[in-house]
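**Q** the following comprises the amino acid sequence and a computationally predicted model.
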Amino acid sequence: MQSVSVTIEPPQFLAGWRPEAGALFLPVLSESRVGEQAAVRVGIQGQPIRATVFGRVGLVRRVGRPTLPPGVELLLDRASLAAAGFLACAARGEPVSFRERAPRYVAAEEIQVIVGRQPIEVRTVNLAEGGCAVPWPGPLPLVGDVLEVRLKGGLFPPVARAIVCWNQPGTQQDRSVGLRLVLDGRPGRAWRKLVDGVARSGARAT
């Protein structure tokens, strides 16, 4: 998994965005290999808006020219398509408003966040279909960093990749991090089951 940030001129972003294919060309990671996973924090030049997109490398351009830079085309995961469309609106200069998100439930569920090989035991502040917010006991990870989340329970608990979407500095008591989970296979099923259980319990939605 590779993680990087990039700021792109609006015409360049729009030229690289193919919504019908769910693909986005970005002038980064030109040393990648096809099939690798990547998380990219994307900003549009002249706009305050930034968003993190995740996907699989579908094409690599190692050598370019001024109008055709080296980089990669990402085949975006489903959860990243809305973020890419959001960035495209900003690149076209259109008014951008935040869309209604899926319900986010206030719930303290025990999970383990793995940074490198170091596990950190935390309880969620809130959680939703696509991720969660957790308190953070040490130095904050950077936006775009890729971590792992291990759910509690069972002999072989499922582990999901997670992308840091935001971080909130503060004192040791109120530092927190927002994680978007990459929910495929068994980890995805386990996370959705957890969220469904929290929803059925009557937890407060925000």
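**A** In hand now; what should we look at? Numbering: from 1, shown residues only.

**Q** so Val115 bridges to which residues?
**A** Beta bridges link Val115 to Gln118 when assigned by DSSP bridges.

**Q** can you check Leu59 too?
**A** Beta-bridge partners, per DSSP bridges, of Leu59: Glu73.

**Q** how about the contacts made by it?
**A** By Cβ atoms under 8 Å, 6 or more residues apart in numbering, Leu59 lies in contact with Phe25, Val34, Val72, Glu73. Quick note: C-beta positions are derived from backbone N, CA and C, even for glycine.

**Q** could you list the domains of the protein?
**A** Taking automatic domain parsing as the reference, the chain has its domains at 2-91, 104-200.

**Q** what packs against the longest helix belonging to the chain?
**A** Ranked by number of residues, the top helix in the chain under DSSP state H is helix 185-200. Packed against helix 185-200 by the contact rule (3 or more Cβ pairs under 8 Å, 6 or more residues apart in numbering; DSSP states H and E) you find strand 104-106, strand 126-128, strand 146-151, strand 159-168, strand 176-182.

**Q** let's see that with 10 Å instead.
**A** strand 104-106, strand 126-128, strand 131-135, strand 146-151, strand 159-168, strand 176-182 (3 or more Cβ pairs under 10 Å, 6 or more residues apart in numbering; DSSP states H and E).

**Q** now render the domains of the chain as CSV, adding distance to Thr206 and mean pLDDT.
**A** Listed next are the domains of the chain as CSV, based on distance: least, Cβ to Cβ, whole Å; pLDDT from 0 to 100:
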stretch, distance to Thr206, mean pLDDT
domain 2-91, 19, 90
domain 104-200, 5, 90
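
**Q** from Leu26, how far off is Thr183?
**A** No Thr there; residue 183 is Leu. According to Cβ to Cβ, to the nearest Å, Leu183 stands 23 Å off from Leu26.

**Q** ditto for Val4
**A** 9 Å.
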